[in-house]
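Engineer: Can you look at this prediction? I've put the sequence above it.
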Amino acid sequence: MVLSRLDIHRQNRGERTLVTLAGDIGPATTPLLRAALEQCLLDGVTVIDVDLTTVGSCDARGLDIFLSASRRAGRVHASLLLHHPCAQITQLLAVTGSASRLLAAPGGSVPVTGLGDLTSTGTRAPEEPAHRSGQPALKDGIRIRRLTRWQAEGVREDIADLAAESVVGTLGEAYHNRGNVLRRLAVSAHHPGFALLLAETTVLVGCTFGFPVGPDSSGRRGFEGTLQESVQRLTSHARFAVLTQVVAHPHAQHRDIARRLQQRLLTVLHSSLGVALLDPADRAGQAAFSNWGWQNMGEIVGLPGPVAPCVLILLAEGLSPEGR
């Protein structure tokens, strides 16, 4: 029996990527195709161009994978476009009514590639081990990716669902429900330097977001300026990152996931100190942050709001604690 073969090459250019396929898309190779397209989305790609020039055939299962990836891409304001399909694939798209959704516009060209720039994600038959080079693989299949501000809008409901699920049946429900999380995300996203990180397997398992604060904030009125001055007096750090939310799925790995996310966010925001503000009555939240390595510095007065929040701090691993 001759096994189907599918070679997959990927070239990244900013937030756009070109996936070049060579071979046949059938029962033996569709898992490979699915994994490659899912990885593009996990990496935050906004446009996936799929070059089918050297693909000889595609079955209905392969079409389903393209359609599924297209739908998932749409949820995060990304897109998937098929280029140069053979006659068999063109007919399959026409018969199923999928051409308008998947095919690139007539005349649209595939980005030019150089062989030296290609990153291979596999050239293997089904029995060969699945190995991806150059991918940010993390322990136990968990991957972390950063989303842009507009991409965050597409996953806000998923983040809110995860946050609600993580505290269901606990005392933290009153402080970390869907509405509170959505408000924190909306407010944080308007701050300069906002960053959002997701931890994913095949589903969302963790999330954190926040923004940097520096000495230039002290000249501003309101929350940010007052917070900068207060934290600097308390810790001697003039620059720090406010982690507005840290959420992890409630399973055996949740502590490790949260630690990875918060440390990665500090790295992304170029900060050696993380700051979080919690309601003093949120004992469950304070306990969770304590388990993640945060230190409770007590209540901080002078900030806008009905209560004086507790300020918690976290030093970045492997970075100098000096933040001045």
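Structural biologist: Yep, it's here. Residues are numbered from 1 along each chain as shown.
Engineer: remind me which residues of the stretch 101-250 of the chain are low pLDDT?
Structural biologist: Where the stretch 101-250 of the chain drops to pLDDT under 70, the residues are 106-141, 168-176, 217-222, 250.
Engineer: Where do the helices of it begin and end?
Structural biologist: Using DSSP state H, counting those that start in this stretch, the helices assigned to the stretch 101-250 of the chain run over residues 149-167, 178-189, 223-235.
Engineer: Out of the ones you listed, flag the one nearest His77.
Structural biologist: helix 149-167 (5.0 Å; CB to CB). Any C-beta I mention is one placed from the backbone N, CA and C, and that applies to glycine too.
Engineer: Would you mind pulling up the elements that that closest one packs against?
Structural biologist: Contact here means 3 or more CB pairs under 8 Å, 6 or more residues apart in numbering; DSSP states H and E; on that basis helix 149-167 packs against helix 178-189, strand 195-200, strand 204-213, strand 240-248.
Engineer: rewinding a little: please tabulate the helices of the stretch 101-250 of the chain in TSV and include mean neighbour count and distance to Glu317 as additional columns.
Structural biologist: As requested, the helices of the stretch 101-250 of the chain are arranged in TSV below (neighbours: other CB atoms under 10 Å; distance: least, CB to CB, whole Å):
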stretch	mean neighbour count	distance to Glu317
helix 149-167	18	23
helix 178-189	16	23
helix 223-235	18	17
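Engineer: Of all those helices, which one comes closest to His249?
Structural biologist: Comparing the helices of the stretch 101-250 of the chain against His249 with CB to CB, the closest turns out to be helix 149-167 (6.4 Å).
Engineer: how does this structure divide into domains?
Structural biologist: Domain assignment of the chain by automatic domain parsing yields the ranges 6-135, 140-315.
Engineer: so Gly62 makes contact with Ala28?
Structural biologist: No - contact criterion CB atoms under 8 Å: Gly62 and Ala28 do not qualify, at 10.9 Å.
Engineer: So if I had to pick from those two, which one is more boxed in?
Structural biologist: Gly62 (23 against 15; other CB atoms under 10 Å).
Engineer: The lengthiest strand in the chain pairs with which strands, and in what direction?
Structural biologist: Using DSSP state E, we find that the single longest strand of the chain is strand 47-58. Using DSSP bridges, strand 47-58 pairs in its sheet with strand 16-25 (parallel), strand 79-83 (parallel).
Engineer: What average pLDDT does that strand get?
Structural biologist: For strand 47-58, mean pLDDT is 90.
Engineer: So which other helices or strands are in contact with the next helix or strand after that strand?
Structural biologist: Using DSSP states H and E, the helix or strand that follows strand 47-58 in sequence is helix 60-75. Counting contacts by 3+ CB pairs under 8 Å, 6+ apart, helix 60-75 packs against helix 30-42, strand 47-58, strand 79-83, helix 87-96, helix 99-102.
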